[in-house]
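> Give me a 3D structure for the following:
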Amino acid sequence: MEFCSRVSLAAHEAFAGTGVRGETYVFLPVPKKVWHDAEMNAHWASREELLAIRAARGAGVVARLYNPPDDDAPVLVHMRGDHPAEGLATLLAMFGRRWRIDATGAPRLAICTHGTRDRCCAKFGFAAFQAARRLFESGESVFAPIESSHLGGDRFAATGIFFPSGSMYAHLDEAGLGALCVAEAEGRLDPARYRGGVFDPQLTQLVRAGLARQGLVNDSVAPIAVTQQSPSEIEASVAGRHYRVTLKSAEVEFYGSCSALSAAKPSRGRRMVFERAERMETPA
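Next up is the predicted model:
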């Protein structure tokens with residue numbers, strides 16, 4: 001049996017810049033047995049609740065489900081700083097009727113184990129979740145792991161997001177997860193598996209990943225000011241230092257899911273990828 005994530009991994013598909021952007025992430029405590037293929041469904045939610053989720057998504061909230069470890073599990077809220085998305089208050093007012101709200105932003109690692117959506121998430125996602133749980137329970141990681149519904153990009157399984165940084169990673173089952181947890185706790189990222197910060201725009205994700213890959217700046221949350229001079233030339237400033245970043249257009253072919261792989265139906269397109277970065281003494 002072939003898996004789309006192993007095909008992507010073997011092909012060295014570039015994934016920097018594919019972090020799923022959101023101003024705020026909300027995880028609702030819904031048992032995994034009712035996630036089905038599409039997790040936002042009438043098996044657990046009312047029509048009013050589903051409409052509230054849809055409206056919140058349009059206002060910058062990414063809503064996902066997580067498998068609750070007990071009956072008192074809360075709604076989990078993660079955002080950068082104290083700037084909630086516009087649609088958050090309405091969504092929390094709705095689900096605050098059912099569950100308590102935890103907006104403390106405590107360290108967590110959300111890992112997609114949505115196996116009814118794609119078998120990669122069942123096999124590789126759950127294995128990564130178990131490894132993350134062992135690290136947390138032994139005190140080797142500060143990140144409490146949660147089993148999340150679809151996070152985006154089945155072919156990058158095991159996919160996970162570290163909070164509070166928002167760093168999204170691909171192929172966590174192939175990473176040194178213990179070392180990655182230590183790095184993220186110290187505010188650093190692993191450019192080898194980094195898809196992008198979910199609180200950053202795509203271009204900033206690419207720049208952050210590229211600077212880390214070249215060993216120039218490795219900070220998972222430092223603000224980056226980006227000025228696009230042309231489609232391939234970027235000027236970036238981080239903590240008073242200035243960089244010229246060069247991107248290039250690359251053709252990509254991939255299988256977006258295991259079902260697409262089984263049907264031999266690849267997707268094709270072009271994507272901007274990092275090429276190089278250099279330090280500038282002053283902005284041009």
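
> thinking residue 19 is in contact with residue 193, fair?
No: counting by CB atoms under 8 Å, residue 19 does not reach residue 193; the two are 11.8 Å apart. C-beta coordinates here come from the backbone N, C-alpha and C atoms, glycine included.

> The two: who's more crowded?
Neighbours per residue, other CB atoms under 10 Å: of residue 19 and residue 193, the larger number sits with residue 19, 30 against 22.

> In terms of helices and strands, where is the more buried one?
Residue 19 is part of no helix or strand when elements are defined by DSSP states H and E.

> and the gap between the closest residue to it other than its chain neighbours and residue 11?
Distances taken as CB to CB, 6 or more residues apart in numbering place residue 196 nearest to residue 19, at 2.8 Å, with adjacent residues excluded. Residue 196 sits at a distance of 19 Å from residue 11 (criterion: CB to CB, to the nearest Å).

> got it, and residue 216?
Residue 216 is 27 Å from residue 11, by CB to CB.

> so who does the residue nearest to residue 19 touch?
Listed by CB atoms under 8 Å, 6 or more residues apart in numbering, the contact set of residue 196 reads 16, 17, 18, 19, 167, 168, 202, 205, 206, 208, 209.

> Are we agreed that it is in a helix?
No: assessed with DSSP: H, G, I helix; E, B strand; the rest coil, residue 196 is strand; it does not lie in a helix.

> just to revisit the earlier point, for residue 216 and residue 11, indicate the residue with more neighbours.
Neighbour count, other CB under 10 Å: between residue 216 and residue 11, residue 216 has more, with 16 against 13.

> my guess is the more buried one meets residue 244, correct?
No: Residue 216 is not in contact with residue 244 according to CB under 8 Å; the separation is 11.0 Å.

> who touches stretch 141-148?
Here stretch 141-148 makes contact (CB under 8 Å, 6+ apart) with 27, 32, 64-67, 76, 106-114, 125-126, 129, 132-133, 135-136, 161-163, 177-178, 181-182, 184-185.

> where does the chain dip in pLDDT?
Filtered on pLDDT under 70, the chain yields the residue ranges 282-284.

> tell me which element the residue nearest the centre of it is part of?
Centroid check for the chain by CA atoms, centre = their mean gives residue 168 as the closest residue, at 3.3 Å. For residue 168, the host element (DSSP H and E) is strand 167-169.

> Work out the gap between the helix or strand that that strand is followed by and the centre of the chain.
Sequence order places helix 177-185 as the next helix or strand after strand 167-169, per DSSP H and E. Counting by CA atoms, centre = their mean, to the nearest Å, helix 177-185 is centred 16 Å from the centre of its parent chain.

> From the contact counts, what lies against helix 177-185?
Counting contacts by 3 or more CB pairs under 8 Å, 6 or more residues apart in numbering; DSSP states H and E, helix 177-185 packs against helix 126-137.

> following the helix it packs on, which helix or strand comes up?
For helix 126-137, the following helix or strand on the C-terminal side (DSSP H and E) is strand 144-148.

> just checking, next helix/strand downstream of that next one?
The C-terminal neighbour of strand 144-148 among helices and strands, as given by DSSP H and E, is strand 160-163.

> Give the other helices and strands that that following strand contacts.
On the basis of 3+ CB pairs under 8 Å, 6+ apart, strand 160-163 makes packing contacts with strand 108-112, strand 167-169.

> Can you tell me what sits against the strand holding residue 168?
Strand 167-169 is contacted by residues 18-20, 151, 159-162, 175, 180, 184, 189-190, 193-198, 220 when judged by CB under 8 Å, 6+ apart.

> let's see 7 Å
Outside of strand 167-169, the residues within contact range by CB atoms under 7 Å, 6 or more residues apart in numbering are 19-20, 160-161, 175, 184, 189, 193-198, 220.

> Let me know how buried residue 114 is, in neighbour terms.
Count around residue 114 with other CB under 10 Å applied: 28.

> Surely it forms part of a strand?
No: Residue 114: not assigned to a strand; according to three-state DSSP it is coil.

> thinking again about what came up before, and the residue nearest to the centre of the chain, how far is that from residue 228?
Taking CB to CB, one finds residue 168 at 22 Å from residue 228.

> Next: residue 271.
Distance from residue 271 to residue 228, by CB to CB: 16 Å.

> And the strands in the stretch 151-284 of the chain, which stretches?
160-163, 167-169, 194-197, 225-228, 233-238, 241-254, 267-280 (DSSP state E, counting those that start in this stretch).

> So which of those is nearest residue 3?
Among the strands of the stretch 151-284 of the chain, strand 241-254 comes nearest to residue 3, with 12.8 Å by CB to CB.
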